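[1] only geometry, no sequence info:
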Ligand SMILES: Nc1nc2c(ncn2[C@@H]2O[C@H](COP(=O)(O)OP(=O)(O)O)[C@@H](O)[C@H]2O)c(=O)[nH]1
Ligand SMILES: [Mg+2]
């Protein structure tokens with residue numbers, strides 16, 4: 001159970017996906033990669049399928065019809081990983097905002113005892129490169145808002161670059177995960193924290209994508225804004241229990 005799987009959700013990432021897969025496979029540790037593509041009209045899945053001929057044992061692809069959001073893509077990937085013998089499961093974007101080298105650092109944090117390691121932009125100052133200042137400020141203050149409302153001691157609450165130990169994913173009841181965008185990232189951290197797991201933030205530098213376009217939308221932002229209040233309310237009446245798997 002020491003195998004490490006990197007899950008990458010994709011929607012229109014034809015400029016990035018091949019470079020990203022090759023970058024991960026050239027790291028000194030052995031990582032497996034699962035792409036969850038939502039029927040990207042730009043043919044991202046076709047590129048992955050071609051690459052699978054070269055890496056049939058290390059690269060996998062799940063295809064869904066139509067854009068269904070990041071949260072459900074990850075949950076599909078988590079279930080897939082749990083049906084197999086992966087001990088460490090990563091979340092990562094396709095667009096090189098997350099430096100593949102940092103997979104090694106997150107992995108190391110989990111090997112040294114973290115149940116969840118978070119690649120954090122805000123652990124030490126603000127480590128964001130090439131985002132317009134408005135977006136940096138919004139992200140930074142959103143993270144602070146979440147930390148205060150939920151009372152969670154995490155600086156980068158919306159971070160999407162993470163490594164979970166298998167037992168965390170085995171314990172979370174995915175049927176109860178409600179959100180899809182940034183709120184999904186917050187909800188996963190909040191649930192992990194409420195369940196009493198050991199969370200560590202590892203400082204990383206986040207660089208804005210150079211190719212392709214962001215899928216961030218006002219709707220996703222609003223979901224996070226109101227979702228955090230709903231999470232807070234729910235946590236006041238809800239007892240966080242590990243899922244009993246049958
Ligand atoms: N499968 C899937 N992937 C998505 C969806 N929305 C975004 N992504 C992917 O999730 C990652 C992060 O999205 P991105 O647009 O870079 O968001 P941003 O970094 O917040 O601007 C990228 O790899 C996207 O291709 C979706 O609805 N479905
Ligand atoms: Mg991005």
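    Nice, thanks for sending it over. All of these numbers come straight from a predicted model, not from anything done at the bench. Ligands and ions are numbered 1, 2, ... in the order given.
[2] quick one: residue 47 and residue 15 touch, right?
    No. The pair residue 47 / residue 15 is not scored as a contact, 9.8 Å apart, by C-beta atoms under 8 Å. All C-beta spots, glycine's among them, are computed from the backbone N, C-alpha and C.
[3] Between these two, which has more neighbouring residues?
    residue 47 (22 against 18; other C-beta atoms under 10 Å).
[4] Now do the more buried one against residue 21, distance only.
    Using C-beta to C-beta, to the nearest Å, residue 47 is found at 9 Å from residue 21.
[5] Likewise for residue 123?
    On the measure of C-beta to C-beta, residue 123 and residue 21 end up 28 Å apart.
[6] Tell me which of those two has more neighbours.
    residue 21 (24 against 17).
[7] Secondary structure class of that one, three-state.
    For residue 21, the assignment made with DSSP: H, G, I helix; E, B strand; the rest coil gives helix.
[8] how much space between it and residue 36?
    Using C-beta to C-beta, we find residue 21 at a distance of 14 Å from residue 36.
[9] Same question for residue 191.
    Counting by C-beta to C-beta - residue 191 and residue 36 are separated by 20 Å.
[10] Looking at the two, which one has more neighbours?
    Set residue 191 next to residue 36 and count neighbours by other C-beta under 10 Å: residue 36 wins out with 24 against 19.
[11] List the strands paired with whatever helix or strand that one lives in, with their directions.
    Using DSSP states H and E, residue 36 sits within strand 31-37. Strand pairing for strand 31-37, determined by DSSP bridges: strand 3-10 (parallel), strand 59-63 (parallel).
[12] now it, how far from the centre of its chain.
    Distance of strand 31-37 from the chain centroid (C-alpha atoms, centre = their mean, to the nearest Å) equals 12 Å.
[13] what is the mean pLDDT for the helix or strand that that strand is followed by?
    Remark: after strand 31-37, the chain's next helix or strand is helix 44-54, criterion DSSP H and E. When pLDDT is averaged over helix 44-54, the result is 98.
[14] Kindly report the same for stretch 199-218.
    Here the average pLDDT along stretch 199-218 is 91.
[15] got the contact list for it?
    11-16, 67, 94-99, 102, 105-106, 109, 114-121, 123-124, 127-131, 154-156, 161, 181, 189, 192-193 (C-beta atoms under 8 Å, 6 or more residues apart in numbering).
[16] Same question for stretch 49-56: list its buried residues.
    Neighbour counts over stretch 49-56 (16 or more other C-beta atoms under 10 Å) mark 51-52 as buried.
[17] now stretch 212-226
    Within stretch 212-226, the residues that count as buried by 16+ other C-beta under 10 Å are 212, 215, 220, 223-224.
[18] now stretch 40-48
    Applying 16+ other C-beta under 10 Å to stretch 40-48 flags 40, 44-45, 47-48 as buried.
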